[in-house]
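Novice: predicted model follows, preceded by the sequence.
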Amino acid sequence: MADLFSSDPTINSEPGADTRDDSAGHPAPLADRLRPASLVEVVGQGHLLGPEGALTVMLTGALPSLILWGPPGVGKTTIARLLADHVGLHFVQISAIFTGVADLRKVFDTARNRRANGRGTLLFVDEIHRFNKAQQDSFLPHMEDGTITLVGATTENPSFELNAAVMSRAQVLVLKRLELRDMELLTQRAEKDLGAKLPLDGPAREALQEMADGDGRALLNLIEQVAAWGATDPVDTETLGKRLQRRAAQYDKSGDAHYNLISALHKSVRGSDPDAALYWFARMLKGGEDPRFLARRITRMAVEDIGLADPQAQALCVQAWETYERLGSPEGELALANAVVYLALAPKSNAGYAAYKSAMRSAAQTGSEPPPKHILNAPTALMKDQGYGAGYAYDHDQADGFSGQNYFPDGMKRQVYYVPVERGFERELGRRLDWFVEQRAKRGKG
């Protein structure tokens, strides 16, 4: 990050800058030499930069402020720089790690002067989630009056890390980790720049790409190390791992990629296997996973896969999350581990989840059907004349506390969304539901 700043806390870039050699004539790092010169050269983000990609469509009009959310090494900085070139804005880059309030004020003043001279500013903020609330709020007036077009980069979920005010004024674009085919394309570009094929056999070549774990910058750095060996015979996977001081198996795509591990953890909990669940939980922690991500996912498991079969499960997960926030690492992870064991052993039900999805489908299909008039309040005489509230039966006035009235729209057939399972607390909820159905049928006949 040290290259982000000189005496001025910004980097200003003009199109066409040559990055192949530094001021002393030394070759620039491979990752800099292979930095894309146009948006079409960016790999792995076709959902944003393809012919129908979200960013491609945006560029047909005025560029809005953006939040680029994605893992390291997938092109966030590169895309921001190329966007500035594409729309003719002056590119300014700062890092939230090193920038204080005084630095921000200087950036905004300079951008305001630049705008007065007829040129706009694209302000790229790396690690924007590291700014506090006050610092994030300082961007708002300058975004609103057009002094800057903000492009923020973050590896953290912006829903949790950024102010609602900033989020409402910017569009979030999600960048994906690079897949193996993207890594192969980068490898081929590197070989063209180096003027030679990498001295690796087929499995070792793939292992090298997997070691980078979806990070393009990391891959190019690894390639630079391998090329420096000057090997004449192809290196195999075992030798590659020894020379790079990494175990290639650790990056095996069959089990170690981030999405595979979280899937294994989730399905182990769903399958009521606390031992397997703890194993995958530990694997993710050992791999450097953010415990907060795990806390969110564990709470999601309670909501989706346990639900009302054990109403305490969700509360226990939230408590474990709060305990982690108070204790921090490493003691806080034990609270999350306890939650994992509890969820694995809890009765399972997705009945509430399924009911919610069914209700959402019905809501989309029925549009703006109004509620039946008998359950509408009538605070005015006109509303009473329209029949609002007429015939409403107050359930607490009934002997058994149940009126059996219809609460769906008048023109809509009664729906059944929630079907409880015969497990855990939902067994009791099922008995209650059966009684209500029976009473509603009796009173409907009457």
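Specialist: Arrived safely, thanks for sending.
Novice: isn't residue 204 right up against residue 234?
Specialist: Yes - Residue 204 sits in contact with residue 234 when judged by CB atoms under 8 Å, with a separation of 7.3 Å. All C-beta atoms are positioned from the backbone trio N, CA, C, and that covers glycine.
Novice: between the two, which has more neighbouring residues?
Specialist: residue 204 (21 against 14; other CB atoms under 10 Å).
Novice: can you point out the buried residues in the host helix or strand of that one?
Specialist: Here residue 204, judged by DSSP states H and E, is contained in helix 202-211. By neighbour count on 16 or more other CB atoms under 10 Å, the buried set for helix 202-211 is 204, 205, 206, 207, 208, 209, 210, 211.
Novice: same thing with stretch 274-285?
Specialist: 274, 276, 277, 278, 280, 281, 284, 285.
Novice: what's the closest of those residues to residue 39?
Specialist: residue 284 (33.9 Å; CB to CB).
Novice: in a strand, the closest one, correct?
Specialist: No - read with DSSP: H, G, I helix; E, B strand; the rest coil, residue 284 is helix and lies in no strand.
Novice: now it: how far from residue 113?
Specialist: 48 Å (CB to CB, to the nearest Å).
Novice: can you check residue 125 too?
Specialist: Residue 125 is 20 Å from residue 113, by CB to CB.
Novice: domain map for the protein?
Specialist: Annotated domains of the chain cover 2-174, 180-251, 269-345, 368-445 [automatic domain parsing].
Novice: adding mean pLDDT and distance to residue 259, write those domains out as a markdown table.
Specialist: Shown next, in a markdown table, are those (pLDDT from 0 to 100; distance: least, CB to CB, whole Å):
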| stretch | mean pLDDT | distance to residue 259 |
| --- | --- | --- |
| domain 2-174 | 86 | 11 |
| domain 180-251 | 87 | 10 |
| domain 269-345 | 93 | 11 |
| domain 368-445 | 87 | 28 |
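Novice: which stretches in this protein count as strands?
Specialist: 11-13, 66-69, 90-95, 121-126, 148-154, 171-174 (DSSP state E).
Novice: so which of these is the most surrounded?
Specialist: The highest mean neighbour count among these, using mean count of other CB atoms under 10 Å, belongs to strand 121-126: a mean of 26.
Novice: that one - which strands sit beside it in the sheet, and in what orientation?
Specialist: Strand 121-126 sits in its sheet next to strand 90-95 (parallel), strand 148-154 (parallel), going by DSSP bridges.
Novice: can you redo those as TSV with distance to residue 223?
Specialist: Below are the strands paired with strand 121-126 laid out as TSV (distance: least, CB to CB, whole Å):
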stretch	distance to residue 223
strand 90-95	25
strand 148-154	24
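Novice: residue 200 and residue 33: what is the separation?
Specialist: 20 Å.
Novice: neighbour count winner among those two?
Specialist: Neighbours were counted for residue 200 and for residue 33 using other CB under 10 Å; residue 200 has more, 22 against 17.
Novice: dump the residue contacts of the closest residue to that one other than its chain neighbours.
Specialist: What sits nearest to residue 200 in space, not counting adjacent residues and going by CB to CB, 6 or more residues apart in numbering, is residue 235, at 5.3 Å. By CB atoms under 8 Å, 6 or more residues apart in numbering, residue 235 lies in contact with 199, 200, 201, 204, 226, 229, 243.
Novice: just the buried residues from those, in ChimeraX please.
Specialist: The buried residues among the contacts of residue 235 can be selected in ChimeraX (16+ other CB under 10 Å) with this line:
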select :199,200,201,204,226
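Novice: distance of the residue nearest to residue 200 relative to residue 35?
Specialist: 27 Å.
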